[in-house]
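1. Sequence and predicted structure, then a few things I'm wondering about:
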Amino acid sequence: MDKTIYSRQSQCLCNLLVELWRAAGLTQRELAAKLNRERNLIGRLEVGERRLDVVEFYWICQATGVKADVVAGKLMRELEEVQSTRR
């Protein structure tokens, strides 16, 4: 199994997260404040330099006012699409 951090699937996750906080009208700094984290953590997530665990995913969804299960469903569909293009 290849490392996932620089994969197309990981990029899908990064893009989706950025879409979430921008749709919520949040900057990196504002999202970081809501999560009680440093701004550079959000920046590293945005460019795919840092992995994200499930709990952090949930917290980001909560901070942006979107239900995590809805976001996860969208992410799974995107990941399936990426996977099907690799075959």
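-> Everything's here; your move.
2. Nearest to the spatial middle of the protein, which residue is it?
-> Closest residue to the average C-alpha location of the chain: L17 at 3.3 Å, with C-alpha atoms, centre = their mean.
3. So that residue sits against E56, correct?
-> No - with contact defined as C-beta atoms under 8 Å, L17 does not count as touching E56 (9.7 Å). Every residue, glycine included, has its C-beta placed from N, CA and C.
4. what about this protein, any weak spots by pLDDT?
-> Scanning the chain with the threshold set as pLDDT under 70 gives 1-2, 87.
5. list the contacts for the residue lying closest to F57 once chain neighbours are set aside?
-> For F57, the nearest residue in space outside its immediate sequence neighbours is A68; the separation is 6.7 Å by C-beta to C-beta, 6 or more residues apart in numbering. Applying C-beta atoms under 8 Å, 6 or more residues apart in numbering, one finds that A68 lies in contact with F57, Y58, C61, Q62.
6. If anything else comes up later, I'll come back, but that's it for now.
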